[in-house]
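**Q** Could you work out the structure for the sequence below:
(one chain, ligands or ions: 1)
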Amino acid sequence: MRAVVVYESMYGNTHLVADAIGTGLETAFDVWVVPVSQADPAVLDGADLIVAGGPTHVHGMSREATRKAAVEAADKLESPLEAEPDAAGPGLREWFASLGRYPVKAAAFDTRMHGPAALTGRASKGVARLFRAHGFEVIAEPESFLVTKQDRLEPHETARAREWGAELAASIAPSPAPGTRG
Ligand SMILES: Cc1cc2nc3c(=O)[nH]c(=O)nc-3n(C[C@H](O)[C@H](O)[C@H](O)COP(=O)(O)O)c2cc1C
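**A** Have a look, this model is predicted:
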């Protein structure tokens, strides 16, 4: 069975989370982790699970203008942040617009600031909505992983992402009970 984790990331945090989710999924899947710029339909073909996530920008999924602002902020001399190679490129919103219908299992995640989601917003809700609009079967509640005010992942978030990936894997491909034959 194959799972694909598609991520969008400006400063690398969502990329780290995607890698960790991929590690968790490896308990049951052959896993490909790909940036949204490389997630063409050939990558999705034959996949049994698609997981997608991106950063929360202005309470939801990024747009061209917010990605541009994120890259400009990183380019400032005093910024310790470094933009990912394709940060200014197309995001998940544009990726979904290029997709047909896929009757495939899916799950959505995001990264966002600490705090009640009602205040911060969360991109994963939009990702889950677009999954459904394209015929995917969303199998888990959207999940958020948190960054600090300095735009670094909070401690333990990669471990939590790994666990979330493993839980997704177990929900689709539960391991056989001890003593049973597969
Ligand atoms: C233009 C812009 C707008 C943002 N708006 C929000 C927001 O509304 N809510 C929030 O929780 N975080 C917001 N953030 C913080 C991002 O969620 C954070 O930078 C992101 O999770 C880091 O992931 P990345 O390194 O993969 O880009 C914003 C960041 C940028 C650059």
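**Q** buried stuff in the helix or strand where Ala74 lies?
**A** Element membership of Ala74 [criterion: DSSP states H and E] is helix 64-75. By neighbour count on 16 or more other C-beta atoms under 10 Å, the buried set for helix 64-75 is 66-67, 70-71, 74. Bear in mind the C-beta positions are built from the backbone N, C-alpha and C, glycine included.
**Q** again with stretch 144-164
**A** 144-147, 151, 153, 157-158, 160-162, 164.
**Q** for stretch 115-122, same thing?
**A** Counting neighbours by 16+ other C-beta under 10 Å, one finds that the buried residues in stretch 115-122 are 121-122.
**Q** what about that stretch and the ligand, touching?
**A** Yes: for stretch 115-122, a contact with the ligand is found by C-beta under 6 Å from any ligand atom, at 120-121.
**Q** Tell me the span between the first and last residue of that stretch.
**A** Terminal residues of stretch 115-122 lie 11 Å apart, using C-alpha to C-alpha, to the nearest Å.
**Q** and if you look at stretch 107-124?
**A** When the termini of stretch 107-124 are compared using C-alpha to C-alpha, they are 9 Å apart.
**Q** And the contacts of it?
**A** With C-beta atoms under 8 Å, 6 or more residues apart in numbering as the test, stretch 107-124 has contacts from 13-14, 17, 21, 49-62, 92, 125, 127-128, 131, 138-140, 142-149, 153-154, 161, 164, 168.
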